[in-house]
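Trainee: Fold the following and give me the result.
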Amino acid sequence: MSHGKQFTLYTQVSGPNGWKVVFVLEELGLTYESIYLDFAKAEQKGPEYTKFTPNGRIPTLIDHQNGDFTIWESDAILLYLTDKYDAEKKLTVTGDEKYSLIQWLFFQASGQGPYFGQALWFIRFHPERIPSAIERYQKETLRVFSVLDSVLSKPENGGWLVDGKPTIADLSFITWNEAAINISIKGYADVENEYPAFYAWHQKLLARDAVKKTFAIQASLQK
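Mentor: All right, here's what the predicted structure looks like:
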């Protein structure tokens, strides 16, 4: 089978993790086709998808120019893309700093995504309102904000997580932070004033051309 694009990305319109991959594809100028799974039909659990991704979650990326190499888990995809296709090290680093970058990806995957996702679930989707669960995950959201703010506020870090420059570590946090700010902790905390370094960092990331383009694509699909 021939492919006009280098990559096929299996994703979902509203799912935050798939859009993280699009940020990096756009930042690196890579060509891709997105296939949006219908979760209402449980397409992510069907055999046509789980043959690629046994976990039945999005996203999954197939690299057609690398023997249809297939990789899932969003932060693993980000590492793959920069290791293979970021020759100029635009979004990555080398030496020992690479482990600092990986450290932040692990923190995003274990400390941000799950807690922020649970906050969103109990606020938006859980069939009954459980105030104690909502409060727990809102507080965990703010704890993650405080961790990021403490690092980003240090002058020697230049307002970024790794090596004083924007990397995939920074990009990996955008979508869940955006969901938290606009939904799960809206009205619960004054993010701009209570976590100023974090807020300034998030605004810098939102202002990047690739990020603006990605969110415009998402908005067009949600009309």
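
Trainee: drop to CA atoms for contacts and neighbour counts, all remaining ones
Mentor: Noted.

Trainee: Now do the strands in the protein.
Mentor: For the chain, strands defined by DSSP state E occupy the ranges 7-11, 32-36, 60-63, 69-72.

Trainee: Distance to residue 144 and mean neighbour count for those strands - can I get that in CSV?
Mentor: Output for these, formatted as CSV (distance: least, Cα to Cα, whole Å; neighbours: other Cα atoms under 10 Å):
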stretch, distance to residue 144, mean neighbour count
strand 7-11, 26, 22
strand 32-36, 30, 17
strand 60-63, 26, 22
strand 69-72, 25, 16
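
Trainee: Tell me where this structure is predicted with low confidence.
Mentor: 1-3 (pLDDT under 70).

Trainee: Tell me how it divides into domains.
Mentor: Listed by automatic domain parsing, the domain ranges of the chain are 7-90, 97-208.

Trainee: Format the ones you listed as a markdown table; extra columns: distance to residue 216.
Mentor: Formatted as a markdown table, these follow (distance: least, Cα to Cα, whole Å):
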| stretch | distance to residue 216 |
| --- | --- |
| domain 7-90 | 11 |
| domain 97-208 | 11 |
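
Trainee: between these, which gets nearest to residue 220?
Mentor: domain 7-90 (10.0 Å; Cα to Cα).

Trainee: where do the helices sit along this protein?
Mentor: For the chain, the helices defined by DSSP state H cover 16-27, 47-50, 74-85, 97-107, 113-120, 131-152, 168-171, 174-179, 191-194, 196-206, 209-221.

Trainee: list the buried ones in the second one?
Mentor: Of the residues in helix 47-50, those buried by neighbour count under the rule 16 or more other Cα atoms under 10 Å are residue 49.

Trainee: ok, now the fifth one?
Mentor: Of all the residues in helix 113-120, those buried under the rule 16+ other Cα under 10 Å are 113, 115-120.

Trainee: Residue 178: neighbouring residues, count only.
Mentor: Neighbours of residue 178 under the rule other Cα atoms under 10 Å: 15.

Trainee: how near is it to residue 65?
Mentor: 33 Å (Cα to Cα, to the nearest Å).

Trainee: Same check on residue 101?
Mentor: To residue 65, residue 101 is 26 Å away according to Cα to Cα.

Trainee: Same question for residue 153.
Mentor: Counting by Cα to Cα, the gap from residue 153 to residue 65 is 41 Å.

Trainee: between the two, who's got more neighbours?
Mentor: Taking neighbours as other Cα under 10 Å, residue 153 and residue 65 compare with residue 153 leading, 18 against 11.

Trainee: Please tell me how far residue 126 sits from residue 120.
Mentor: Taking Cα to Cα, one finds residue 126 at 9 Å from residue 120.

Trainee: can I get the buried residues of helix 113-120 in TSV with distance to residue 23?
Mentor: Shown next, in TSV, are the buried residues of helix 113-120 (distance: Cα to Cα, whole Å):
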residue	distance to residue 23
113	17
115	22
116	20
117	20
118	23
119	24
120	22
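
Trainee: how about the CA coordinates for stretch 106-120, as CSV?
Mentor: What follows is stretch 106-120 as a C-alpha-only set of coordinates in CSV (Å, rounded to 0.1, in the frame of the first residue of the first chain):
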residue,chain,number,x,y,z
PHE,A,106,7.5,10.5,32.9
PHE,A,107,6.1,13.2,35.3
GLN,A,108,3.6,14.2,32.6
ALA,A,109,2.5,10.7,32.0
SER,A,110,2.3,9.6,35.7
GLY,A,111,1.7,12.9,37.6
GLN,A,112,-0.2,15.1,35.3
GLY,A,113,-2.3,13.1,32.8
PRO,A,114,-4.0,10.7,35.2
TYR,A,115,-4.9,13.2,37.9
PHE,A,116,-6.1,15.8,35.4
GLY,A,117,-8.0,13.2,33.6
GLN,A,118,-9.7,12.0,36.8
ALA,A,119,-10.6,15.6,37.7
LEU,A,120,-12.2,16.0,34.3
